[in-house]
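Chemist: Take a look and give me a structure for this.
(one chain, ligands or ions: 3)
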Amino acid sequence: MKKSSILIAGGGSTYTHGIILMLLDNLHRFPISEIKLYDNDGPRQEIIAKACEIILREQSSGIKFSYTTDPQAAFSGVDFVMAHIRQGKLPMREKDEKIPMKYGCVGQETCGAGGIAYGMRSISGVLELLDYMTEYSPNAWMLNYSNPAAIVAEATRRLRPTARIYHICDMPISIEEAMAKILHYSSAEDLETRYYGLNHFGWWSSVRDKTTGEDLMPKLAEHVRQYGYADEQGEGKEEISWNETFAKARDSFALDPSSFPNTYLQYYLYGDDMVAHTSPDHSRANEVMEGREKFVFDECRKIIAEGSAENTQLKIDEHASYIVDLAQAIAFNTKRRMLLIVPNKGVISNFDHDAMVEVPCLVGSEGVEPLAIGDIPTFQRGLLYQQHAVEKLVVDAWIEKSYQKLWQALTLSKTIPSAKVAKLILDDLIEANKSYWTLN
Ligand code: NAD
Ligand code: G6P
Ligand code: MN
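Modeler: Ligands and ions are numbered 1, 2, ... in the order given. Below you'll find the predicted structure:
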């Protein structure tokens, strides 16, 4: 079997070890010759890299391993670039979340004003990675997790239209795993679903038993109506805030019980509840810095100190399964059905041709074939139009360095009540982001 060479861009991410463990667990179906890490923060990456080096050595995988901050060394001779960068890291996420909250608006990593500011930072980072890949490994594919995926995808569609990049998200698959549990299936693999929307802004229009074709929506509705995607105790995820998010899907579902909502719709449909519920002094970024980031870096330091990963609590990360499945489908032309963020081109027939939509696709070696969705209902279509216009305006603003366009984007966001508030938030975001983007 052909062996692939993988570059993980954003090597210092809290998800890097999870991808490596997942790759190691899947070598029988996706063999690998080499793994490299690349990051623009050398000292941060080194902690993750040295621990991963020990993990790889202990599993005697025979995989060549290296890490670097040099783009040429990183991007040369690779088949896949798995990208998950965060320009400005978690301290900038904290600002994305807290600035809108100061004005009583939703403060979230990828939604509303925070997502817009993050988008303005991410575009340049992802384009830079794409250009390195195109220069040093023109036949490679980039599989991009870097957020906010919707804005980044719109930017690469416009600015690098021929680039070999797929944008992905783990949220729908994580919700599908919850659906499978609710329906007493062993995994989401047992379900056949239809989903459509923009990234972090979509709905399931069909959930069926993969083998029998039975429509599972009525049974699922009984549960979601009461508990959302959480279990009957309001639990199911590892963290309280994710349990709350999964439970809150009940309220988004109530608006249209004929389709199942992505959990991220809570920020657009129930922004007031989200604001009331979030502490402006301690946002999700703080939880992640105190939780996942601290845990991962502490564990890596422990592995390095002990020279062994034998006692580590780092474990294989379900988040990674999606990116590994995608790489395997491309490498071996499996035509696996996966949700990807791709140009609409008529897939949703009554929606913009050029929008980047998240829809099921058959994945092969030379591209993907999206499955037709057809017409979507007025409620969803209206929401999608508004959000898509926001995302387009952000990319316009980035290209033109336009204050006016970014003010329009914020004003149009369903999470912001007026142009006045949008301007106040914008002026604060500009100040906070001045080393990443400026406007005229
Ligand atoms: P993190 O801050 O821990 O890691 C990001 C890494 O990227 C850091 O080490 C940073 O130094 C590096 N980096 C930043 N800019 C860079 C650049 N221009 N070139 C090279 N490296 C750069 O972040 P995290 O919490 O691990 O998340 C990583 C990314 O993955 C985020 O964008 C996050 O939103 C995204 N993510 C997406 C999904 C999805 O569903 N699409 C799921 C999970 C995480
Ligand atoms: C989900 C989303 C990602 C997002 C992540 C945030 O996985 O699909 O796009 O980055 O949640 O999780 P966090 O734990 O960092 O808040
Ligand atoms: Mn996502």
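
Chemist: Show me which positions of the helix or strand containing R337 end up buried.
Modeler: Per DSSP states H and E, R337 falls inside strand 336-343. Burial within strand 336-343, assessed by neighbour count using 16 or more other CB atoms under 10 Å, is assigned to M338, L339, L340, I341, V342, P343. For the C-beta atoms, the positions are set from N, CA and C on the backbone; glycine is no exception.

Chemist: Output these in JSON lines; the columns should cover pLDDT and distance to S259.
Modeler: Formatted as JSON lines, the buried residues of strand 336-343 follow (pLDDT from 0 to 100; distance: CB to CB, whole Å):
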{"residue": "M338", "pLDDT": "97", "distance to S259": "20"}
{"residue": "L339", "pLDDT": "97", "distance to S259": "15"}
{"residue": "L340", "pLDDT": "98", "distance to S259": "20"}
{"residue": "I341", "pLDDT": "98", "distance to S259": "19"}
{"residue": "V342", "pLDDT": "98", "distance to S259": "20"}
{"residue": "P343", "pLDDT": "98", "distance to S259": "23"}
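
Chemist: Wondering if the strand holding R337 reaches ligand 3 at all.
Modeler: No: with CB under 5 Å from the ion as the criterion, ligand 3 is not reached by strand 336-343; the gap is at least 9.6 Å.

Chemist: and that strand, what does it pack onto?
Modeler: Other elements packing on strand 336-343 under the criterion 3 or more CB pairs under 8 Å, 6 or more residues apart in numbering; DSSP states H and E are helix 149-159, strand 165-167, helix 319-331, strand 356-364, strand 367-370.

Chemist: can you list contacts of that strand?
Modeler: Applying CB atoms under 8 Å, 6 or more residues apart in numbering, the contact partners of strand 336-343 are 149-150, 153, 157, 166-169, 172-173, 192, 195, 199, 322, 325-326, 328-329, 353-363, 368, 370-371.

Chemist: among those, which ones are buried?
Modeler: Using 16+ other CB under 10 Å as the burial test, these include 149-150, 153, 157, 166-169, 172-173, 192, 195, 199, 322, 325-326, 328-329, 355-363, 368, 370 as buried.

Chemist: Next, I399: secondary structure please.
Modeler: The three-state assignment at I399 reads helix, by DSSP: H, G, I helix; E, B strand; the rest coil.

Chemist: How many residues are close by it?
Modeler: Residue neighbour count, defined by other CB atoms under 10 Å, stands at 13 for I399.

Chemist: contacting residues around it?
Modeler: Applying CB under 8 Å, 6+ apart, one finds that I399 lies in contact with R158, L159.

Chemist: i'd like the first residue to be 409 from this point on
Modeler: Okay, residue one is now 409; in that scheme the one you just asked about reads as I807.

Chemist: number of nearby residues for I493?
Modeler: The burial metric for I493, expressed as a neighbour count using other CB under 10 Å, is 26.

Chemist: Do I have it right that it meets G419?
Modeler: No: proximity of I493 to G419 does not meet the contact threshold set by CB atoms under 8 Å, at 9.5 Å.

Chemist: Show me the common contact partners of these two, please.
Modeler: Contact criterion CB under 8 Å, 6+ apart; residues bridging I493 and G419 by contacting each: D447.

Chemist: wait, isn't P665 in contact with R633?
Modeler: Yes: with the criterion set as CB under 8 Å, P665 and R633 qualify as a contacting pair; they are 7.0 Å apart.

Chemist: Spell out the secondary structure type for E517.
Modeler: Three-state secondary structure (criterion: three-state DSSP) places E517 in coil.

Chemist: Check which helix or strand the spatially closest residue to it that is not a sequence neighbour maps to.
Modeler: Counting by CB to CB, 6 or more residues apart in numbering, R501 is the residue found nearest to E517 once chain neighbours are left out, at 5.7 Å. Element membership for R501, per DSSP H and E: helix 497-510.

Chemist: So for that helix, mean pLDDT?
Modeler: Confidence over helix 497-510 (mean pLDDT, whole number) is 98.

Chemist: Could you do stretch 730-741 as well?
Modeler: For stretch 730-741, the mean pLDDT works out to 96.

Chemist: Tell me which residue lies farthest from the centre of this structure.
Modeler: E714 (33.2 Å; CA atoms, centre = their mean).

Chemist: Tell me how far that one lies from ligand 1.
Modeler: The gap separating E714 from ligand 1 is 23 Å, by CB to the nearest ligand atom, to the nearest Å.

Chemist: E584 now?
Modeler: Relative to ligand 1, E584 is positioned 13 Å away (CB to the nearest ligand atom).

Chemist: M528 now?
Modeler: Counting by CB to the nearest ligand atom - M528 and ligand 1 are separated by 14 Å.

Chemist: V755 too?
Modeler: Distance check for V755 against ligand 1: by CB to the nearest ligand atom, it reads 20 Å.

Chemist: same question, K503
Modeler: Spatial separation of K503 from ligand 1 under the definition CB to the nearest ligand atom is 13 Å.

Chemist: And the residue lying closest to that residue once chain neighbours are set aside, how close does it get to K506?
Modeler: Distances taken as CB to CB, 6+ apart place A840 nearest to K503, at 4.6 Å, with adjacent residues excluded. Here A840 is placed at a distance of 9 Å from K506 (CB to CB, to the nearest Å).

Chemist: Return the residues in contact with the closest residue to ligand 3 within the stretch 509-658 of the chain.
Modeler: The minimum distance from the stretch 509-658 of the chain to ligand 3, using CB to the ion, falls at C577 (3.3 Å). Going by CB under 8 Å, 6+ apart, C577 touches Y553, A557, N607, H608, L747, I749, E766.

Chemist: Adding distance to L673 as columns, could you present these in CSV?
Modeler: Written out in CSV, the entries for those read as follows (distance: CB to CB, whole Å):
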residue, distance to L673
Y553, 20
A557, 16
N607, 12
H608, 8
L747, 16
I749, 17
E766, 13
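
Chemist: ok, which of the residues you listed also contact ligand 1?
Modeler: Of the entries in the contacts of C577, those that also sit close to ligand 1 under the rule CB under 6 Å from any ligand atom are Y553, A557.

Chemist: Regarding this structure, what is its longest helix?
Modeler: In terms of residue count, the longest helix belonging to the chain (DSSP state H) is helix 520-544.

Chemist: Give the residue spans of the stretch 559-708 of the chain that score low on pLDDT.
Modeler: Nowhere does the stretch 559-708 of the chain drop to pLDDT under 70.

Chemist: and it, which of its residues are near ligand 1?
Modeler: For the stretch 559-708 of the chain, the residues in contact with ligand 1 under the definition CB under 6 Å from any ligand atom are C577, D578, M579, E701.
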